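Trainee: What follows is a predicted structure for the sequence shown.
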Amino acid sequence: MIAIHDVHMVYPGSRGRHAVPALQGVDLRVDEGEFVSVVGPSGCGKSTLLHLLAGFEFPTEGRIEIDGQLVQRPGADRAVVFQQAALYPWMTVAENIGFGLRIHGLRGAEYERRVRDYLGIMGLEAFAKHAPYELSGGMRQRVAIARALITQPETMLMDEPFGALDAQTRNEMQRFLLRLWRTLRPTVLFVTHDVDEAILLGDRVVVMTARPGRVALNLAVPFERPREWDLVLTPEFVGVKRQVLGVLRPQLESAEHLEEFMAGIKGAPE
Ligand SMILES: Nc1ncnc2c1ncn2[C@@H]1O[C@H](COP(=O)(O)OP(=O)(O)OP(=O)(O)O)[C@@H](O)[C@H]1O
Ligand SMILES: [Mg+2]
């Protein structure tokens, strides 16, 4: 279980740059095996929150605990998938997928079997020996997800993983991710700009305020699973979407945001 207690994050200013308050008092609990979608205006600290959970950075104030343990460093229990699949360009698809296993010292037949399994699950058998640059965007993202999942992390931190994909590929990847999630049941924090995607995938949708980010809405999604894509056409779905947008819209339009930005340009650096 993830517990985020009153987390503040200020990136310090230096060499004439202003300090940036990215998060201000974030409180959030995520149950084991839960799928939580996070939406919010650009720059509101969504990636920052994932970085803190991953243990790449540390909050200026507040605490993040996973299963009662303070997050103090990155760990194999947490995997991160970024918007742009960050694959190792000099490794083949199979080597990329197996990377985490090799880090953990796995070799031989068991290593081969696990990599083959994941190549199969991802529909990438025919591309095992290809290099990342020889793949489509959707395929690269599948490799990134396979690489993250193969070590069976308890938590998946996903930062707009499908943001760079076309609508059709994105749709396939959503279904695919849900299938994997139902089988492996990791806890998922899924950042997206797409409200439909957030609702369709999530057990809950968290809406963040404009920077510095706080939780503005924490909404349970009332739809049974499995969910079909045409759920988005139902009045019930539109009702939930209206609730989310009702909170998100004002944040997106927040004039404060612009004023702060302008002040940042004009004001004397600290
Ligand atoms: N390493 C860093 N050093 C200094 N400031 C940073 C750093 N990382 C992020 N920030 C600042 O913190 C704020 C929040 O950034 P973050 O990347 O978390 O936003 P986001 O919600 O993920 O935005 P987007 O939706 O555009 O990805 C921004 O103002 C950004 O400039
Ligand atoms: Mg981001």
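Mentor: It's in. Numbers count the residues shown, from 1 in each chain. Ligands and ions are numbered 1, 2, ... in the order given.
Trainee: domain parsing for this structure?
Mentor: 2-77+157-163+191-266, 78-152 (automatic domain parsing).
Trainee: Quick check: beta-bridge partners of the residue nearest to the spatial centre of the chain?
Mentor: Nearest to the geometric centre of the chain sits M158, at 2.1 Å (C-alpha atoms, centre = their mean). Per DSSP bridges, the residues bridged to M158 are V81, F190.
Trainee: Need the per-residue pLDDT for the closest residue to ligand 1 within the stretch 151-270 of the chain.
Mentor: Nearest residue of the stretch 151-270 of the chain to ligand 1, counting by C-beta to the nearest ligand atom: R211, 5.6 Å away. All C-beta spots, glycine's among them, are computed from the backbone N, C-alpha and C. For R211, the pLDDT comes out at 93.
Trainee: Okay, now the unreliable bits of this protein?
Mentor: 255-270 (pLDDT under 70).
Trainee: can you do 80?
Mentor: Where the chain drops to pLDDT under 80, the residues are 84-85, 254-270.
Trainee: C-alpha coordinates for stretch 138-154, CSV please?
Mentor: Presented in CSV, the C-alpha positions along stretch 138-154 are these (Å, rounded to 0.1, in the frame of the first residue of the first chain):
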residue,chain,number,x,y,z
GLY,A,138,3.8,1.3,-30.1
MET,A,139,6.2,-1.6,-30.2
ARG,A,140,8.9,0.4,-28.4
GLN,A,141,6.4,1.2,-25.7
ARG,A,142,5.5,-2.5,-25.4
VAL,A,143,9.2,-3.3,-24.9
ALA,A,144,9.4,-0.7,-22.2
ILE,A,145,6.4,-2.1,-20.4
ALA,A,146,7.6,-5.7,-20.8
ARG,A,147,11.0,-4.6,-19.4
ALA,A,148,9.3,-2.9,-16.4
LEU,A,149,6.9,-5.8,-15.7
ILE,A,150,9.3,-8.8,-16.2
THR,A,151,10.8,-8.4,-12.7
GLN,A,152,7.2,-8.5,-11.3
PRO,A,153,7.3,-5.2,-9.4
GLU,A,154,4.6,-4.6,-6.9
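Trainee: Tell me the buried residues in that stretch?
Mentor: Residues of stretch 138-154 classed as buried by neighbour count (16 or more other C-beta atoms under 10 Å): 138-151, 153-154.
Trainee: Tell me which entries of those residues lie within helices.
Mentor: Of the positions in the buried residues of stretch 138-154, 138-149 sit in helices, assigned by DSSP state H.
Trainee: Return the member of the residues you listed nearest to G100.
Mentor: R147 (6.2 Å; C-beta to C-beta).
Trainee: contacting residues for that closest one?
Mentor: 87, 96-97, 99-100 (C-beta atoms under 8 Å, 6 or more residues apart in numbering).
Trainee: List, out of those, those positioned next to ligand 1.
Mentor: Applying C-beta under 6 Å from any ligand atom, the subset of the contacts of R147 adjacent to ligand 1 is empty.
Trainee: re earlier: out of the buried residues of stretch 138-154, flag the one nearest to Q251.
Mentor: Among these, and counting by C-beta to C-beta, the member closest to Q251 is Q141, at 27.5 Å.
Trainee: so that closest one touches P161, yeah?
Mentor: Yes: in this structure, Q141 is within contact of P161 by C-beta atoms under 8 Å, at 6.1 Å.
Trainee: Mutual contacts of those two, please.
Mentor: Common contacts of Q141 and P161, defined by C-beta under 8 Å, 6+ apart, comprise 81, 173.
Trainee: Can I get stretch 77-97 in PDB? Just the C-alpha atoms.
Mentor: The C-alpha coordinates for stretch 77-97 follow below in PDB (Å, rounded to 0.1, in the frame of the first residue of the first chain):
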ATOM      1  CA  ASP A  77       9.600  -3.300  -6.000                       C
ATOM      2  CA  ARG A  78       8.800  -0.200  -8.200                       C
ATOM      3  CA  ALA A  79       9.100   0.100 -11.900                       C
ATOM      4  CA  VAL A  80       8.800   3.300 -14.000                       C
ATOM      5  CA  VAL A  81       7.500   3.600 -17.500                       C
ATOM      6  CA  PHE A  82       8.100   7.000 -19.200                       C
ATOM      7  CA  GLN A  83       6.300   8.700 -22.000                       C
ATOM      8  CA  GLN A  84       9.100   8.100 -24.400                       C
ATOM      9  CA  ALA A  85      10.200   4.500 -24.200                       C
ATOM     10  CA  ALA A  86      13.700   4.800 -22.900                       C
ATOM     11  CA  LEU A  87      15.200   1.700 -24.400                       C
ATOM     12  CA  TYR A  88      18.900   0.900 -24.600                       C
ATOM     13  CA  PRO A  89      19.600   1.500 -28.300                       C
ATOM     14  CA  TRP A  90      22.600  -0.900 -28.400                       C
ATOM     15  CA  MET A  91      20.600  -3.800 -27.100                       C
ATOM     16  CA  THR A  92      18.200  -6.000 -29.000                       C
ATOM     17  CA  VAL A  93      14.500  -6.200 -28.100                       C
ATOM     18  CA  ALA A  94      15.100  -9.400 -26.100                       C
ATOM     19  CA  GLU A  95      18.100  -7.900 -24.300                       C
ATOM     20  CA  ASN A  96      16.100  -4.800 -23.400                       C
ATOM     21  CA  ILE A  97      13.200  -6.900 -22.000                       C
END
